[in-house]
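Asks: okay, structure incoming, though there's no sequence with it:
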């Protein structure tokens with residue numbers, strides 16, 4: 001065992017310095033074994049001892065036979081996982097000591113991005129492992145009969161749902177959640193346009209956030225995502241410009257906005273329609289992905305936000321099934337960042353390589369992407385080049401690239417016209433989950449997209465942010481469901497949990513209102529659910545006191561400080577002055593008290609506040625059916641009708657025309673000069689009919 005640990009340390013160090021890894025280690029071991037059988041090779045520091053230059057005294061050791069060396073190589077290879085330390089170059093000749101010494105010397109600075117910490121050791125870090133359950137321990141000790149399957153009780157024990165904590169405060173449904181990779185800070189976004197920030201290390205039992213920000217007032221929050229380093233996070237709202245904030249909630253920058261009058265979206269420097277989703281690259285700390293209703297997905301270089309040339313790195317235009325413009329409603333990175341998936345409203349799911357290196361099936365992976373670099377990207381340049389006159393600026397140089405043909409296209413993945421609310425890749429990169437607004441969840445095999453592996457129905461949702469995700473160990477996947485008719489007063493929503501191997505429903509966990517957002521953190525082993533409806537929002541935290549670590553466990557036991565009568569709060573007299581004995585119209589209530597007329601009892605006694613308002617709606621009509629008569633309306637139509645004697649007492653429709661003419665007869669007789677002076681000589685004498693005598697009935 002000690003020899004194996006020493007060889008692992010040496011192989012890891014050689015691989016980090018750019019050597020041949022396991023293959024070169026085997027060659028060196030064979031050379032040392034042929035030279036001498038000394039154990040100086042396996043020292044505590046893991047460095048290979050150089051053979052002695054002094055002449056060896058005594059008889060030479062026997063030569064090692066070739067079959068024995070091959071058996072030794074096979075035994076050493078069996079100790080390591082497959083493919084570990086594979087030789088990337090041709091084996092070096094044995095008679096080249098200068099090259100061997102150069103490989104053992106100090107390492108040169110590596111070009112490109114640094115190697116992830118997990119790649120330097122063959123074993124996974126201890127903090128990424130979930131606490132072993134009792135069922136798993138029993139399986140290791142029992143016979144093969146016990147390995148056939150797990151009971152429902154064992155599955156329930158592995159789900160951290162024994163305890164619950166609620167974080168309230170949002171005025172509408174919680175639509176987005178994001179938890180830092182260390183598990184210390186939680187972000188919750190809602191349709192009330194705000195993002196609340198929670199710090200588990202400093203939070204008390206009352207579960208209050210330490211900061212609340214409004215990224216873009218008037219636009220709901222659709223997506224939140226932390227960077228891999230945890231120093232910044234991305235906020236995607238209903239606006240056209242996603243924003244990036246630092247760890248403390250201060251704005252770092254925002255993405256550029258495109259030109260809505262340009263038909264071809266690849267020639268704009270940003271989204272020109274509302275954004276629908278976004279995600280930070282799982283490995284690169286300066287790359288983010290966003291999707292928008294303009295039918296494109298765009299990648300951004302966060303370090304170039306605010307640059308005059310723009311921060312847009314690439315534009316991904318999905319291939320449409322028919323002419324028209326469709327929306328990209330969701331997007332996601334694969335676990336290694338090699339693939340980008342997007343859900344389009346034409347019913348398709350399209351996969352692009354994240355670096356555009358190869359569209360014929362070779363994704364390349366993160367290692368090849370970092371080796372090629374940004375300059376070696378296979379995306380086509382979006383530079384327009386020469387522009388015809390009359391423009392004097394005849395060169396338009398777009399600094400971003402674009403891709404218009406996906407690597408994989410899934411036609412008919414979901415019904416056309418329905419929104420794909422969420423996409424999620426498994427860690428192995430072979431399984432893809434797609435959640436749709438038509439109430440279905442489909443499981444896809446990335447290697448064969450002809451038909452879905454499994455389709456789950458009856459998962460109703462009315463929110464375009466309903467998420468789907470995998471558990472940290474990939475054993476389960478889960479999604480949220482809405483309450484009946486999306487109203488919490490009619491019932492509860494639920495979180496549906498499915499088994500990855502059997503593709504069956506394991507459990508449904510009831511939630512207050514609609515369950516929209518959900519995440520399962522790897523280090524904390526805790527579930528966080530974003531719930532609510534159009535009236536209120538709440539974040540539910542589920543954990544297990546024995547299997548969960550930190551997170552909610554560190555703050556639910558901290559009791560908030562109780563108020564005391566001796567507490568003193570300093571009041572700045574220069575800014576605020578209270579006069580309790582002032583006149584009633586100038587009197588203000590003391591801090592912590594209501595004004596005399598603000599109580600419910602006083603408001604009920606006020607005749608003005610409790611007076612029934614006048615009916616000024618569509619059914620309110622005045623005398624003779626005149627609209628708005630007597631209501632004092634200020635509409636333009638009412639103003640014109642009132643000035644033209646069409647409303648009120650002067651309305652000609654409700655007056656007698658004969659009486660309207662004869663009302664001027666007395667004035668004409670009293671002042672005949674108004675009419676008779678002009679016609680005094682020519683005016684004929686009026687002759688009136690004489691009344692006829694009435695005949696008697698007897699005649």
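Replies: Noted; the coordinates are in hand. Everything numeric here is computed off the predicted structure, so don't read it as measured data.
Asks: can you give me the helices for the stretch 351-500 of the chain?
Replies: Along the stretch 351-500 of the chain, counting by DSSP state H, counting those that start in this stretch, helices occupy 365-372.
Asks: just for it, where's the confidence low?
Replies: 356-397, 486, 488-489 (pLDDT under 70).
Asks: burial of the residue nearest to residue 582 when sequence neighbours are not counted, as a residue count?
Replies: Of all residues not flanking residue 582 in the chain, residue 588 sits nearest, at 7.9 Å (C-beta to C-beta, 6 or more residues apart in numbering). Every C-beta, even on glycine, is put in place using the N, C-alpha and C of the backbone. By other C-beta atoms under 10 Å, 12 other residues sit near residue 588.
Asks: tell me the secondary structure at residue 315.
Replies: Three-state call for residue 315 (DSSP: H, G, I helix; E, B strand; the rest coil): strand.
Asks: is it bridged to anything, and to what?
Replies: Under DSSP bridges, the beta-bridge partners of residue 315 are residue 298, residue 402.
Asks: ok, the residue nearest to residue 582 to residue 642 distance?
Replies: Per C-beta to C-beta, to the nearest Å, residue 588 is found 42 Å from residue 642.
Asks: grab the nearest non-local neighbour of residue 163.
Replies: The shortest distance from residue 163 to any non-neighbouring residue, by C-beta to C-beta, 6+ apart, is to residue 543 (5.3 Å).
Asks: state the pLDDT value of the one you found.
Replies: You'll see residue 543 listed with a pLDDT of 92.
Asks: go ahead and confirm it touches residue 552.
Replies: Yes - the pair residue 543 / residue 552 is scored as a contact, 5.1 Å apart, by C-beta atoms under 8 Å.
Asks: count of neighbours near residue 340?
Replies: Residue 340 has 28 neighbours, counted by other C-beta under 10 Å.
Asks: likewise residue 12?
Replies: Every residue meeting other C-beta under 10 Å relative to residue 12 is counted, giving 18.
Asks: quick revisit: so what sits against both of residue 543 and residue 552?
Replies: Counting by C-beta atoms under 8 Å, 6 or more residues apart in numbering, the residues touching both residue 543 and residue 552 are 163, 165, 524, 526.
Asks: the second one reaches residue 207, doesn't it?
Replies: Put plainly, it is residue 165. Yes - between residue 165 and residue 207 there is a contact at 6.4 Å, judged by C-beta under 8 Å.
Asks: who touches both of those two?
Replies: Counting by C-beta under 8 Å, 6+ apart, the residues touching both residue 165 and residue 207 are residue 556.
Asks: which residue is the nearest non-sequential neighbour of residue 204?
Replies: The spatially closest residue to residue 204, leaving aside those adjacent along the chain, is residue 560, at 4.3 Å (C-beta to C-beta, 6+ apart).
Asks: and if you look at residue 557?
Replies: residue 205 (7.1 Å).
Asks: how close does the one you found get to residue 558?
Replies: Residue 205 is 5 Å from residue 558, by C-beta to C-beta.
Asks: equivalent analysis for residue 595, please.
Replies: Look at residue 595 and residue 558: by C-beta to C-beta, they are 36 Å apart.
Asks: low pLDDT regions in the stretch 501-650 of the chain?
Replies: The model of the stretch 501-650 of the chain has pLDDT under 70 over residues 559, 561, 564-580, 590-592, 596, 612-634, 645-650.
Asks: if you set the cut-off to 50 instead, what comes out?
Replies: The stretch 501-650 of the chain contains residues with pLDDT under 50 at 618, 623-631.
Asks: which residues of it fall in helices?
Replies: So, for the stretch 501-650 of the chain - with DSSP H, counting those that start in this stretch - the helices run 552-555, 600-605, 636-643.
Asks: any chance of JSON lines for the ones you listed, columns distance to residue 502 and mean neighbour count?
Replies: Formatted as JSON lines, those follow (distance: least, C-beta to C-beta, whole Å; neighbours: other C-beta atoms under 10 Å):
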{"stretch": "helix 552-555", "distance to residue 502": "30", "mean neighbour count": "20"}
{"stretch": "helix 600-605", "distance to residue 502": "57", "mean neighbour count": "9"}
{"stretch": "helix 636-643", "distance to residue 502": "69", "mean neighbour count": "13"}
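Asks: what's the neighbour count on the residue nearest to residue 163?
Replies: There are 25 residues near residue 543, going by other C-beta under 10 Å.
Asks: report the contact partners of it.
Replies: Residues in contact with residue 543 (C-beta under 8 Å, 6+ apart) are 160, 162, 163, 164, 165, 524, 525, 526, 527, 551, 552, 553.
Asks: repeat that for 7 Å
Replies: The neighbours of residue 543, taking C-beta atoms under 7 Å, 6 or more residues apart in numbering as the test, are 160, 163, 526, 551, 552, 553.
Asks: now residue 468
Replies: With the criterion set at C-beta under 7 Å, 6+ apart, residue 468 makes contact with 422, 424, 433, 435, 441, 477, 479.
Asks: before we move on, the earlier item: out of the shared contacts of residue 543 and residue 552, give me the one that has the most neighbours.
Replies: Most neighbours among those, by other C-beta under 10 Å: residue 526, with 28 neighbours.
Asks: if I look at the closest residue to that one other than its chain neighbours, how far off is residue 525?
Replies: Setting aside the residues directly before and after it, residue 526 is nearest to residue 543 in space (C-beta to C-beta, 6+ apart), at 4.4 Å. Distance, residue 543 to residue 525, using C-beta to C-beta: 8 Å.
Asks: check residue 175 too.
Replies: Per C-beta to C-beta, residue 175 is found 24 Å from residue 525.
Asks: ditto for residue 401
Replies: 41 Å.
Asks: also residue 353?
Replies: Noted for residue 353: a distance of 33 Å to residue 525, by C-beta to C-beta.
Asks: quick one on the thing from earlier: export the helices of the stretch 501-650 of the chain to a markdown table and tack on distance to residue 270?
Replies: Output for the helices of the stretch 501-650 of the chain, formatted as a markdown table (distance: least, C-beta to C-beta, whole Å):
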| stretch | distance to residue 270 |
| --- | --- |
| helix 552-555 | 38 |
| helix 600-605 | 51 |
| helix 636-643 | 42 |
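Asks: OK, contacts around the nearest residue to residue 312 once chain neighbours are set aside?
Replies: Closest residue in space to residue 312, ignoring its immediate chain neighbours: residue 400 at 4.5 Å, by C-beta to C-beta, 6+ apart. By C-beta under 7 Å, 6+ apart, the contact set of residue 400 is 312, 313, 314, 315, 382.
Asks: buried subset of those residues?
Replies: Using 16 or more other C-beta atoms under 10 Å as the burial test, the contacts of residue 400 include 312, 313, 314, 315, 382 as buried.
Asks: dump those into TSV; add distance to residue 445 as well.
Replies: Below are those laid out as TSV (distance: C-beta to C-beta, whole Å):
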residue	distance to residue 445
312	33
313	30
314	27
315	29
382	33
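Asks: any idea which of these is least confident?
Replies: residue 382 (60).
Asks: before we move on, back to that, closest to residue 325 out of the buried ones among the contacts of residue 400?
Replies: Using C-beta to C-beta, residue 315 is the member of these that lies nearest residue 325, at 14.8 Å.
Asks: all strands for the stretch 301-450 of the chain, in order.
Replies: Ranges of strands in the stretch 301-450 of the chain, per DSSP state E, counting those that start in this stretch, are 312-316, 328-333, 339-344, 349-353, 380-381, 385-386, 395-396, 401-403, 408-410, 420-425, 431-436, 441-445.
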